[in-house]
Structure formats: C-alpha cells, structure tokens
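Sequence first, then the predicted structure:
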Amino acid sequence: MIAADTSTWIAFLEGNQGPDVEALDRALAERQVVMPPPVLTELLSDPKLPSDIVTLLIQIPLVELAVDFWEKAGRLRAKVLARNRKARLGDALIAQSCIHGAIPLLTRDRDFQAFTMAAGLKLLC
C-alpha cells in the first residue's frame, strides 16, 4: 500500500509526468492506494473539480485514523517546528496518517522531508 500527497495527485490529474505520477498510476491499477483524509479534503476543495474525478477519489479507501491521531499529529508538528523546520498543519496531518499506518507517501513537496527526520515518515519519489 502507498498514499499520495496532494501535489502528486494534482500532477497525476493534470497529466504531468514524473516518477511519482508513474508510481501512482501503477498503484492505482493494482489497487494499492489508500487516501489520507486530509489529502481528500484538499482535493475536494477545488470547486472546479470534475464530477468524474470526485467519483474516482471518493472510491479510494481512506487511511484509518487512530483514536489518538489528533494528539499525535499535534505532537509531531510541534517536534518539527521545534527543529525550526516548516510544518504546515495539513502536511502534519498527512504525515501522521502515513506514519501511523506505516504507509509510504508519494509526494513532490519537499516540506515532508522534515517529517522523515522527526518521525520516520517514509517518502517515495
């Protein structure tokens, strides 16, 4: 199983190229993709998102959140911020979703590097 960040999903949906897009395409074909809830929220926030894309996105299984998810996400973000690194709230929520489930994350966003150092988030591409 893998998850993809919003940056990779946008590149995929726009038909862009790259190793992350190719990996997402393969994983979708093999039904090996799970969706972090914050990524789904970010993607569905686009008022111009075509309905067929909405249908595709909501069919992907969501990463299940643990009971203590919100506490752990807050502590993770605090840990990254304490290292004087950038830690947007959405990124912290996505990272914690993947860390809890030991799910590698496809992304184009370099800000996730801070979560690999702070908590062992596994990044692909």
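Yes, it's here. Numbers count the residues shown, from 1 in each chain.

Okay, buried residues for the helix or strand of the chain with the lowest mean pLDDT please.
Every helix and strand in the chain was compared by mean pLDDT, DSSP states H and E; the lowest is helix 113-119, with a mean of 90. Of the residues in helix 113-119, 114-115, 118-119 count as buried by neighbour count, 16 or more other Cβ atoms under 10 Å. To be clear about C-beta, it is placed using only N, CA and C from the backbone, and glycine gets the same treatment.

same check, this time on stretch 10-26
Of the residues in stretch 10-26, 10-13, 20-21, 23-24 count as buried by neighbour count, 16+ other Cβ under 10 Å.

And that stretch, end to end?
Start and end residues of stretch 10-26 are separated by 16 Å (Cα to Cα, to the nearest Å).

one step back: if we take the buried residues of helix 113-119, which one ends up nearest to Val34?
The closest of those to Val34 turns out to be Phe115 (Cβ to Cβ; 17.4 Å).

quick one: contacts for the closest one?
By Cβ atoms under 8 Å, 6 or more residues apart in numbering, Phe115 lies in contact with 76, 80, 87, 91-92, 95, 99, 121.

rerun at 7 Å
By Cβ atoms under 7 Å, 6 or more residues apart in numbering, the residues touching Phe115 are 76, 80, 95, 121.

which one of these sits closest to Gln32?
The closest of the contacts of Phe115 to Gln32 turns out to be Leu121 (Cβ to Cβ; 18.3 Å).

per-residue confidence at the nearest residue to Cys125 once chain neighbours are set aside?
Counting by Cβ to Cβ, 6 or more residues apart in numbering, Cys125 lies nearest to Asp20, which is 3.8 Å off, once chain neighbours are set aside. pLDDT, the model's per-residue confidence, is 96 for Asp20.

Likewise for the one 4 residues further on?
According to the model's per-residue confidence, Leu24 sits at a pLDDT of 98.

ok, it touching Thr8?
Yes: if you go by Cβ atoms under 7 Å, Leu24 and Thr8 touch, sitting 5.8 Å apart.

Quickly list what's touching both of those two.
Common contacts of Leu24 and Thr8 (Cβ under 7 Å, 6+ apart): Leu106.
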